[in-house]
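Novice: below are the sequence and a predicted model; questions follow.
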Amino acid sequence: MKLAGVDVGGTFTDVIVVDTASRQVRIHKVPSTPDDPSQGLVEGLAATGPDAREVDFLAHGTTIATNSLLQHDGARVGMITTRGFRDILHIARHQRPLHYSIQMEVPWQDRALIRRRYRKVVTERMGPRGEVITPLDEQEVAAAARELREAGVESIVIGFINSYRNPEHEERARSIVEEVAPEAFVTTSASLFPQFREYERFTSAAINGFVGLKVRRYLRRLVERMRETGMHAELRLMRSNGGVATAEFAARYPATLLLSGPAAGVLAGAHVGRACGRHHLITFDMGGTSADIGIVTERGIVEATARDTFVAGYPVLIPMIDVHSVGAGGGSVAYVDAGGAFRVGPRSAGARPGPACYGLGGSEPTVTDANLVLGRLRADHFLGGEMAVEPALAHRAVEELGARLGLSALDAAAGIVTLVDHHMANAIRSRTIQKGHDPRRFTLVAFGGAGPLHAAAVARLLGVPEVIVPVYPGITSAMGLLSSDLKYDLIQNEFMLDTEADLDRLNADFDRLDAEARAQLRRDGVPEESVHLLHAADCRYVGQGYELRVPMPEGRLSAEGIHQLREAFNRLHREEYGHAFPDNPIELVNVRVVATGRLPRMPEVPAPTGGGLASALVDRAGVHFAHNGRLEAHPTALYERMQLPVGTRLEGPAVLLQADSTVVVPPAATAEVLPSGDLLILV
Amino acid sequence: MTHAAPIVDVIEYERGRPPARSVDPVTARVIAGALDSIALEVGHKLTRMSYSSIIRESEDFGVALLDARGRQICECALSTPLQLGPIPGYLRGILRLFEERGDRFEEGDVVIHNSPYFGASHGPDVGFCVPVFHRGDLVGFSFTTAHHLDIGSMTPGSCGIVDAVDAYAEGLQFKAIKCYERGRRNEAVWRLLRDNVRASDMVVGDMEAQVAACHIGAQRYLELLERYGRDTVEAATEELMNYSERMLRQEIERLPDGTYSAEGHIDGFADDPDPSRRDQPIKVTVTVAGDTLTVDLTGTAPQVPDRAINMPLVGTVDVAIYVTLRSILLDQATHEHVPQNSGLVRPIRIVAERGSLANPTFPCATIARFCPGNIVADTLMAALAPICPDRVAAGTANMKVIAYSGVVDQTYWVYMDITEGAYGGRLGRDGVDAVDVLYANTRNNPIEDIEAHYPLRVTRYELRTDRSGAGRWRGGMGSIRDMQFQERAHMSLEGDGHRHPPRGAFGGYDGTPGDVVLIKRDGTELHLPSKFQSRWAEAGDVIRTVSPCAAGYGDPLERDPQQVLDDVLDEFISLESARTLYGVVIDGESKTVDHAATRELRAAMSRHASVGSE
């Protein structure tokens, strides 16, 4: 069987093709084709060899939904909502995005996803227990749909108050709209994700409607292009929840693709770490403008709580992997601000003008420039030697900055690196120590162009004992695509007290959600034995506003099960917040089913075998490290990483050069090439 | 008869001095970043652990760390400025009381405090303070404040207590009480509390969450001291405060020296027969001298001895001033991030006559000081408008808060609903619609959450269109929110802006005042004033809160006709307003601008205006 993973990013399209029989792996990087990303995808695949069209299974990560939202380039969307609530999307949570500002922009008002002229109200009302208070006026729905169609609206969102408890009116309205405006892309708020909190749910639906047509058109084009080139691979799209879905499902719920790329990165990190026998992982993907951080525990990849997820300033109430993105990358700019403080990022020099050393007119020093000055990056090996850079320009830029701070060029360079390392370490702390996870039990999996350069230092700041750098740090995300399953999240709101639990009702909920999940996976062609269902409940102490997800015991729920749930919730609350209120009753806000269908996996990648320390040695040079509180040049060996066979051990300081990244092993650290070919650094 | 000269109180702070020990710029930034993330973590955990929607949904809480001298070194970027700003004042109040009593902090203490005459913002905003000891020395404080649902006032809930006749009628007063002493829970205090507040499970649950959150902050601060050493951390925080001070002074220095003033009005008690309780003036005079700015409130109306709208000088007035100046001069949208700490108050002097609304004397009631404080902020912004026209907004629309309550099975439920105001137009931008304004920044509660948990139903929540002040940049729209009672229940309301419209700026028009209407089940409508305490409503009755709409900025005849057309298409304004206020003629059929007719109409309107002004 031939498997392919294709991660289409803003700049590059990364391709990996694996033959499961021969365990042969081919990787390729081609420039992305933003006007029609499917072109780069197909070309990238073709470039891996003549048998690309024999690929059986293609997993794809895409930024198409994200970019549509970030660039505010989407469909003309209309909305049909409950009478009296035309402006939920505009008033939002009535909180300003900034505390201390008069001139602020308010994304949901200044860049409305659905303009007010396209928001129509109809007579209907559901009650908080799902009871019909006012029946749906179907004539009004039809009239609204007609008006929207005539106004050139291509995408229609239906969002009614309390639909999370009873979606009947939304569903009825959908069928009317589909009759009146058959061409329209229709989204109902409860079908996307039936969670309470109307502003967040309606906004999620609006995002779906906004990016929907673009995604649908793209997927159609992609399927067409694959067909034209004779490819018959099964296509699966990576979703924000770390699972994949069929193209049909993705086209219906495109808002679930918003974190498609970053999710693949976390998955990849998890895959690499687990293959090395580690189950507490911090995935650390650092590129040119930002660093993405994910957490994996023995319970799996950590998901974001629905209320904490924002994309482009809009809340997204859809299950997602918790990918924490910080504005810290190789291109982050260092400067002195008006108050005299030393700052690095979040502003990035981007690809143009880029770091000062690119010689493209950038005069401000970046993190990359600082690494050059310190000798951790090599001008003669930049991007595997494919790009010329000018260290003198980097030096000058760093020196000028240092002069303003009373620091030497070397001290300024070390300062830039220190600040960016701390910035990332703080971000990781917010996802570990602050959530009750002790980083000393974790392994950092570092990838992306700049991840392996900073990983050991970041690990030291956190007390993380070891770092793993995958074989191909630059295309790790594409590999992550081949470690995914089909995954669906189903949810039913209950608002039920544990002291008054209605077991029959809960069991009926689970039965229904299980059946729905199985049916979806059957449609996806997953055999019954590959289906896996997990039950959980979102709980809180009565009165609280934030829920924690607690796994439920398997099988039919009994009074004992409720008791266990309560214990587990108290434990989780203490772990997460450092405190529990065990005497207080618990409210089961939602019950959930997470359904996965196993997919073919990537086999282990063959590790490099040839070479040795001596033949891998490229150079010895003085590289600057702040060690034991002193910044000084340490004699450092530079190796060609691909020439280091499995089992090689080396001592820091050392720098490992490879085509798509550079690995730094600092003084007093040791490194070893694992049987998988991944590099383990003991910091 | 001789008049004694009024006593004037002045709040001022010393200029910062460089730290005794210097810290390298890298370590300084590293510690600054660590402090920000500590405060964020504490705030995050407090919202998630807390029970009442006023904290967890509305985010009406504050979190800060302070140094041993009681200066704020960092605050949580979540939550609301009105909770954050007062924290140093709370601590000074506690220290003053301790000194009077000969009391002192010991390891393991937790202090509860809410006295507005000792630095607290108002009674319901209860502060909890945990002293941080490092190797036996008191090195700082971890502090949280939060608005509680009920504090044992004369009527249920903790807003709309407008008729409180004195500080005692407002509810429990905690004056630096140790609710934990050396780690031991003082059960009597908690018992007293539980027995004297309504909805006590929620209130006490929230307070326990505050205490737990304080401990997390203290723990993290200790870890920071251990990691970098106490001397280094203290030098870095000193430098951090100096940095913030420097940033603000630089901006003040750029303003032209001189004196600038403005006057605003509060509604007062519209239904009170005594005219001195209505339409009271708030006077603000700003003096810029070099890198220092003085805000003088002399001329503001006298205190109202037996009603609750008096504003504590420390805790409300000072915060309104600090927050407004920071938002204008170090605007986060246009300016580098400047950490909010005690350095920011040093360039500012505040002057207020004792016995005025802006500086009341004990035992005047203060619990309903929220809306008048927004008028202080808005009037200050108006005073500054002539010297920084690109940084201010035209007149702001004020807010309303309602407490709903009832009794089920002999137990109270209390729910507080905060509705919104709006900002005036700005140079180059329309005003922000339907948001919390100025010195507060809370969130509304989801309708679906309210309906699932209280016998209330929201039947309308929409923009209030076609009422905002016209201008080249239009004023923000307020909202209309209808709340229907599903059972007989009780309500109290505090708000403002029913009698005085937000003021237009630079040729922009005034906004529109707000309203409150009780729509009885039989359809009869009763207009209510902007403040009332303790009214009953029956099942089926609807209370409609109508926000004011904010003021316009610049001449509406200069507004881009395309923008006017867009406003008409979005039904933000009517076709009629487009013509009469903006001079834009829009064809009702084709929905396009008739440019020729518009030019003609605008020319005629400006001729008329200039004739009118002669």
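Specialist: Nice, I can see it.
Novice: strands of the stretch 51-200 of chain B, start to end?
Specialist: Secondary structure of the stretch 51-200 of chain B (DSSP state E, counting those that start in this stretch): strands located at B:61-67, B:72-75, B:110-113, B:125-134, B:137-147, B:177-181, B:184-185.
Novice: let me see the domain layout of chain B.
Specialist: When chain B is parsed with automatic domain parsing, its domains come out as B:16-242, B:393-554, B:561-613.
Novice: possible to save the strands of the stretch 51-200 of chain B as a markdown table with distance to residue B:534 and mean neighbour count?
Specialist: For every residue, glycine as well, the C-beta is placed using N, CA and C. Shown next, in a markdown table, are these (distance: least, Cβ to Cβ, whole Å; neighbours: other Cβ atoms under 10 Å in any protein chain shown):
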| stretch | distance to residue B:534 | mean neighbour count |
| --- | --- | --- |
| strand B:61-67 | 26 | 28 |
| strand B:72-75 | 35 | 27 |
| strand B:110-113 | 27 | 25 |
| strand B:125-134 | 21 | 24 |
| strand B:137-147 | 20 | 25 |
| strand B:177-181 | 29 | 18 |
| strand B:184-185 | 35 | 11 |
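Novice: residue A:412: which of the ones you listed is closest?
Specialist: Ranking the strands of the stretch 51-200 of chain B by proximity to residue A:412 (Cβ to Cβ) places strand B:72-75 first, at 26.1 Å.
Novice: what is the mean pLDDT for that closest one?
Specialist: Mean pLDDT, computed over strand B:72-75, is 93.
Novice: against which helices or strands is that strand packed?
Specialist: helix B:25-49, strand B:61-67, helix B:87-101, helix B:230-254 (3 or more Cβ pairs under 8 Å, 6 or more residues apart in numbering or on different chains; DSSP states H and E).
Novice: pick the most deeply packed of these.
Specialist: Most buried of the helices and strands packed on strand B:72-75, by mean neighbour count (mean count of other Cβ atoms under 10 Å in any protein chain shown): strand B:61-67, with a mean of 28.
Novice: quick one: the strands in the stretch 451-600 of chain B, in order.
Specialist: Using DSSP E, counting those that start in this stretch, strands in the stretch 451-600 of chain B cover B:456-463, B:479-485, B:489-495, B:515-519, B:525-528, B:531-537, B:542-546, B:586-587, B:592-593.
Novice: please identify the most buried of those.
Specialist: Per stretch, and counting mean count of other Cβ under 10 Å, the top mean among the strands of the stretch 451-600 of chain B goes to strand B:489-495, which has a mean of 25.
Novice: hmm, that one in reach of chain A?
Specialist: No. Strand B:489-495 stays clear of chain A (Cβ under 8 Å from any Cβ of the partner chain), getting no nearer than 14.6 Å.
Novice: that strand - which strands sit beside it in the sheet, and in what orientation?
Specialist: Here strand B:489-495 has these sheet partners by DSSP bridges: strand B:400-408 (antiparallel), strand B:531-537 (antiparallel).
Novice: how far off strand B:479-485 does the first one point, in degrees?
Specialist: It refers to strand B:400-408. 10 degrees (axes from the mean of the first three to the mean of the last three Cα atoms, to 10 degrees).
Novice: with the last one instead?
Specialist: For strand B:531-537 and strand B:479-485, the angle between their directions (the same axes, to 10 degrees) works out to 40 degrees.
Novice: next one: strand B:531-537 to chain centre, how far?
Specialist: With Cα atoms, centre = their mean, to the nearest Å as the basis, strand B:531-537 stands 23 Å off its chain's centre.
Novice: returning to what we had before: got the helices and strands packed on strand B:72-75 as CSV, with distance to chain A and mean pLDDT columns?
Specialist: What follows is the helices and strands packed on strand B:72-75, written out as CSV (distance: least, Cβ to the nearest Cβ, whole Å; pLDDT from 0 to 100):
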stretch, distance to chain A, mean pLDDT
helix B:25-49, 4, 89
strand B:61-67, 11, 95
helix B:87-101, 14, 96
helix B:230-254, 4, 95
